[in-house]
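>>> Compute the structure for the input listed below.
(chains A and B)
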There are 2 protein chains.
Amino acid sequence: NELDMGIDALQSKYAAGELTPAQVMEDIRQRAEQYKEYNIWIHLLSQAEQSQWLSELAHKSPDTHPLWGIPFVIKDNIDLAGIPTTTACEEFAYVSEASSQVVQQLIDAGAIPVGKANLDQFATGLNGTRSPYGACHNAFDFDYISGGSSSGSAVSVALGLASFSLGTDTAGSGRIPACFNNLVGVKPSIGLLSATGLVPACRSLDCITIFAYNTDDANLVLSMAEGFDIRDGYSRANPFANQARQYGLRTGELKVGVIPAHQLKFFGDESYQKAYEATLEKLQAEGFQFQEIDFVPFDETAKLLYEGPWVSERYIATQPLIDENPEAIFPVVREIIAPGGKPPATALFSAQYRINDLKQICLAQMAQVDCLLTPTAGRHFTVAEMLAEPIKRNSELGYYTNFMNLLDLASIAVPTMMTEANRPFGITLVGSTFSDRMLMSIANRIQQALPLKKGALDVMATPTNKTPVASTKTMDVMVCG
Amino acid sequence: NELDMGIDALQSKYAAGELTPAQVMEDIRQRAEQYKEYNIWIHLLSQAEQSQWLSELAHKSPDTHPLWGIPFVIKDNIDLAGIPTTTACEEFAYVSEASSQVVQQLIDAGAIPVGKANLDQFATGLNGTRSPYGACHNAFDFDYISGGSSSGSAVSVALGLASFSLGTDTAGSGRIPACFNNLVGVKPSIGLLSATGLVPACRSLDCITIFAYNTDDANLVLSMAEGFDIRDGYSRANPFANQARQYGLRTGELKVGVIPAHQLKFFGDESYQKAYEATLEKLQAEGFQFQEIDFVPFDETAKLLYEGPWVSERYIATQPLIDENPEAIFPVVREIIAPGGKPPATALFSAQYRINDLKQICLAQMAQVDCLLTPTAGRHFTVAEMLAEPIKRNSELGYYTNFMNLLDLASIAVPTMMTEANRPFGITLVGSTFSDRMLMSIANRIQQALPLKKGALDVMATPTNKTPVASTKTMDVMVCG
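Below is the predicted model:
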């Protein structure tokens, strides 16, 4: 199967007249039939539902619309005009007249929505099994979890049913499914992508994320999706040093923070432990230098996400449903969210103080390295393992991810290895707020150094951008004139 | 009375051998006797308590210690090693072994503490009457309020009992007393000055502030007091554009945002209304251009401070006292803080969302002007008026101040006029986070254009720094080389 759904590949075929966007969309719908039991979709768009955007392409030039005719999938907690937003809860569903800000920008750039993807209900989970639309299955091994909550978004791209997709990430939902499905997962700095038209999970922490085959595609999509939005209270202007043109290939010496062996956790998954160790060895051979950082303050932060008062944000997001008709909520999700009405504001302030203190300690460590590198997940569970212990296993999935948004960090999940059982493994690069392009440039180097295929397709994912990017550690410069 | 307690004036006399710091301190203690009924002090330091710092001056050169021998007053919610910190509540008092970070930096720079100043208890008030140590009286008119909560800090400097002082500001406590006592009041960006060793009022909003006679003195003190402190979760690194050397005299065109007439409130104080109008007229003649901004989103923000869940921070700050011995708290303060244990975390998250939305609207308006200019207070109350309606009058005092820290803004209160009754009036300049030096440079221009005396002393306060500073609106610059 030499299907290549990469953005460059499709654009070349469009330019050569070998393919039209309408044909690609029809082909996607046919191939989607084969994967019905993967539970990828909540709403796969019909030809009629797509026709408006396809016909608008006639009035857009590919030269000025960088995503001309590129199919993309939307996690079903993000609005697409005229199509229900369910966030995997039928009783919560509504139809928005307008698309979310990010979706609209992508459509304006020529991209074509394929469908609304399955997710852990209310984006509450990291595993992909918490949906009344069925557990979403892994693109590489049907018995294994897809990861979540952006489950359908990741699996659809891995299986070639779109070139990229939108997920969201509060606790790790944009990274865990990237790891398990051999994709790049960009978790941008909070506020880089507008949250207007996104159903909140924890509104103070949510990010829209991007799944793509490689960093070149991810940077292009990010550059079309990003932008300040005054309607979103968490939106922030992107500084110069983090703009799209700063993406390239990070060259030269690299000092990368890693977790000491005794603080690493693989929860019994030897294949992941081996893959992690092999990844570090290969990167060391590529010139990466490693420096141990203390993971304790990151871990304390992570625990506050579910054990602290942030669950009150999830409670707000599901009101009034959780007050009026709690039975409509998926049982394990309800169990997590229901206590969220209880904590007092004093507990939240105290937890916010603690987070700020922990952040100072974490950032001081991170200031000594170019970025932090962790396994994206410690273990890949089967669907059966997940369902047997849904809370405990989910918590294990979040060991390397839950701290990220509470500390206002940027991160990117990068595939680095296939395990002996041919399941994907990957690492996550972590940097300070608005280090997104620096992280993507390092991720580019990793993808060029450790070539892998595009998701579960049989073509190479290796990015081609070789524009050298040096260290972005800043210094004060005075300009006279 | 030609007493001049300005930093330059004292330093000149020290350099000329006309005066020693020990003489100044002795003189202060004698003069303090005259003002006993003003209730300025909670603890005026004895000669013995000061002796250590005075004797250390022998080993410090004035050339390398910019505050050599300069007397300063400390609001009694800020730690001074070995002296009780009461925050105006004897049952809460404790003795810290270490001075607060800011006090220590000032002492290290050669400054000498004079005493711990009276305040509205737990820094909860803007008026200066809420203290079991007695209502603090205005330096210009004994019948009038000093303003608060940094009451003693302001009055002591206005009466020449110190060259500068430290206050704090959560809702306006560093600005209102500056206005009523003819002083500059610097309310720095949150996190510019360390809060280590400060008793919190609302820990997420508190700032240590500086009272001084003019912007030259204020900038010098600020430069000695500021600095990142990893122990303070709210501490932030100061960007290059806001460093001490960026302070000067703001020249050229200035576009200043002002509140439309129908949104101004003077609460029946015609003298303040007249003074405000006269101030704008004079500034217009000096080249200030005014542009109206809509005050509604600022006012909505302001109301959330006391009507919303931020009172929960005050509750935390007074625990366990408020739980175990609430009768120990000053009645009106207890009445305000006691409900703070009640609001749920959901209410706090919702209020934080609203603040973020309001902030986007406010900042968009502020981006169109160099700074915002408001009256610092709408009315100056007598002590009797204040005590008659303590909650309502305090709320009126906060009309132009309460929004500031919730929106993470910088501000500086600047005296501009004496009223016909010879009471001070002043305005406040408001800018975005880390616009501190830009605001101080504009305040310098105002002080040079509208010369006034130092506090209640009989010498002119006019700053002398004339280093031109142009607009600091930034642009992206790429530096190659």
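>>> Could you list the residues in contact with the stretch of helix or strand A:Y272 belongs to?
Secondary structure from DSSP states H and E places A:Y272 in helix A:270-285. Contacts of helix A:270-285 with the rest of the structure, by CB atoms under 8 Å, 6 or more residues apart in numbering or on different chains, involve A:256, A:258, A:264, A:266, A:288, A:290, A:373, A:375, A:377-380, A:416-417, A:419-421, A:423, A:425, A:427, A:446, A:449-450. (Each C-beta comes from the backbone N, C-alpha and C, glycine too.)
>>> again, only this time at 10 Å
Residues outside helix A:270-285 that contact it (CB atoms under 10 Å, 6 or more residues apart in numbering or on different chains): A:179, A:254, A:256, A:258-259, A:261, A:264-267, A:269, A:288-290, A:373-380, A:414-421, A:423-427, A:445-446, A:449-450.
>>> Taking their axis directions, the very next helix or strand once past that helix and helix A:270-285 sit at what angle?
Where DSSP H and E defines the elements, the next helix or strand beyond helix A:270-285 is strand A:288-292. Taking axes from the mean of the first three to the mean of the last three CA atoms, to 10 degrees, strand A:288-292 and helix A:270-285 form an angle of 120 degrees between their directions.
>>> quick one: buried residues of strand A:288-292?
Applying a neighbour-count criterion of 16 or more other CB atoms under 10 Å in any protein chain shown, the buried positions in strand A:288-292 are A:F288.
>>> which residue sits closest to the residue nearest to the spatial centre of chain A in space, ignoring its chain neighbours?
Of all residues in chain A, the one closest to the mean position by CA atoms, centre = their mean is A:G174, 2.3 Å from it. Nearest non-adjacent residue to A:G174, counting by CB to CB, 6 or more residues apart in numbering or on different chains: A:T209, 2.9 Å away.
>>> That neighbour belongs to a strand?
Yes: assigned with DSSP: H, G, I helix; E, B strand; the rest coil, A:T209 falls within a strand.
>>> In contact with the closest residue to chain B within the stretch 51-200 of chain A, which residues?
Chain B sits closest to A:P200 of the stretch 51-200 of chain A, with a gap of 8.8 Å, by CB to the nearest CB. By CB under 10 Å, 6+ apart, A:P200 lies in contact with A:77, A:87, A:122-123, A:168, A:170, A:206, A:313-314, A:316-318, B:349, B:353.
>>> With neighbour count, pLDDT and distance to A:V114 added, can I get the residues you listed in CSV?
Compiled in CSV, those are given as follows (neighbours: other CB atoms under 10 Å in any protein chain shown; pLDDT from 0 to 100; distance: CB to CB, whole Å):
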residue, neighbour count, pLDDT, distance to A:V114
A:N77, 33, 98, 16
A:T87, 30, 98, 18
A:F122, 27, 98, 23
A:A123, 32, 98, 20
A:T168, 26, 98, 17
A:T170, 28, 98, 24
A:D206, 25, 98, 23
A:E313, 25, 97, 30
A:R314, 24, 97, 28
A:I316, 20, 98, 31
A:A317, 24, 97, 26
A:T318, 26, 97, 27
B:F349, 25, 98, 34
B:Y353, 17, 98, 32
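>>> Helices - which of these land there?
Counted as lying in helices by DSSP state H, out of the contacts of A:P200, are A:313-314, A:316-318, B:349, B:353.
>>> for the residues you listed, which one is nearest B:M438?
Closest approach between the ones in helices among the contacts of A:P200 and B:M438, by CB to CB: B:Y353, at 29.5 Å.
>>> Settle this for me: the closest one is touching A:I316, isn't it.
Yes: judged on CB atoms under 10 Å, B:Y353 makes contact with A:I316 at a distance of 8.4 Å.
>>> re the thing from before, please, which helix or strand holds the residue of the stretch 51-200 of chain A closest to chain B?
Assigned by DSSP H and E, A:P200 belongs to no helix or strand.
>>> Dihedrals phi and psi, it?
Main-chain dihedrals, A:P200, degrees, to the nearest 10: phi -70, psi 150.
>>> residues contacting the nearest residue to A:G268 once chain neighbours are set aside?
Among residues not flanking A:G268 along the chain, A:R379 sits closest, at 6.6 Å (CB to CB, 6+ apart). For A:R379, the contact set (CB under 10 Å, 6+ apart) comprises A:265-273, A:385, A:393, A:396-397, A:399.
>>> now those in TSV, with neighbour count and pLDDT?
Below are these laid out as TSV (neighbours: other CB atoms under 10 Å in any protein chain shown; pLDDT from 0 to 100):
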residue	neighbour count	pLDDT
A:K265	17	98
A:F266	18	98
A:F267	16	98
A:G268	10	97
A:D269	20	97
A:E270	11	97
A:S271	17	97
A:Y272	23	98
A:Q273	18	98
A:E385	16	98
A:R393	19	98
A:E396	21	98
A:L397	30	98
A:Y399	25	98
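>>> Show me what from the stretch 151-300 of chain A comes close to chain B.
Selection of the stretch 151-300 of chain A residues close to chain B by CB under 10 Å from any CB of the partner chain yields A:191, A:200, A:202-204, A:228-237, A:239-241, A:243.
>>> Among the residues you listed, the buried ones, what's the PyMOL command?
To isolate the buried members of these in PyMOL, using 16+ other CB under 10 Å:
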select buried, chain A and resi 191+200+202+203+204+229+232+233+234+235
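>>> Restricted to helices, list the residues of the stretch 151-300 of chain A next to chain B.
Using DSSP H, none of these sit in helices.
>>> Tell me who's in contact with the nearest residue to A:I210 once chain neighbours are set aside.
Nearest residue to A:I210, sequence neighbours excluded (CB to CB, 6+ apart): A:V186, at 4.4 Å. By CB under 10 Å, 6+ apart, A:V186 lies in contact with A:164, A:167, A:169, A:174-175, A:178, A:192-193, A:207-212, A:215, A:218-219, A:221-222, A:225, A:410-414, A:436, A:439-440, A:443.
>>> which residues in the stretch 101-250 of chain A form strands?
A:112-117, A:164-169, A:184-187, A:207-212, A:249-250 (DSSP state E, counting those that start in this stretch).
>>> Could you look over these and pick the most buried one?
Most buried of those, by mean neighbour count (mean count of other CB atoms under 10 Å in any protein chain shown): strand A:184-187, with a mean of 32.
>>> Paired strands for it, with orientation please.
Using DSSP bridges, the strands paired with strand A:184-187 are strand A:207-212 (antiparallel), strand A:410-418 (antiparallel).
>>> How far does that strand sit from its chain's centre?
4 Å (CA atoms, centre = their mean, to the nearest Å).
>>> give me the low-pLDDT residue ranges for chain A?
Filtered on pLDDT under 70, chain A yields the residue ranges A:1, A:472-481.
>>> mind redoing it with 50?
Scanning chain A for pLDDT under 50 picks out A:474-476, A:481.
>>> Which strand or helix spans A:D8?
Per DSSP H and E: A:D8 is located in helix A:7-15.
>>> So which bits of that helix are buried?
For helix A:7-15, burial by neighbour count (16+ other CB under 10 Å) applies to A:7-11, A:13-14.
>>> CA atoms of that helix as CSV?
Provided in CSV are the C-alpha atoms of helix A:7-15 (Å, rounded to 0.1, in the frame of the first residue of the first chain):
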residue,chain,number,x,y,z
ILE,A,7,0.5,17.3,2.4
ASP,A,8,3.3,17.5,-0.1
ALA,A,9,2.4,14.3,-1.7
LEU,A,10,-1.2,15.3,-2.3
GLN,A,11,-0.3,18.7,-3.5
SER,A,12,2.1,17.3,-6.0
LYS,A,13,-0.6,15.1,-7.4
TYR,A,14,-3.1,17.9,-7.5
ALA,A,15,-0.5,20.1,-9.3
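>>> just to revisit the earlier point, dump the strands of the stretch 101-250 of chain A into CSV; add distance to B:E18 as well.
As requested, the strands of the stretch 101-250 of chain A are arranged in CSV below (distance: least, CB to CB, whole Å):
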stretch, distance to B:E18
strand A:112-117, 80
strand A:164-169, 67
strand A:184-187, 65
strand A:207-212, 64
strand A:249-250, 62
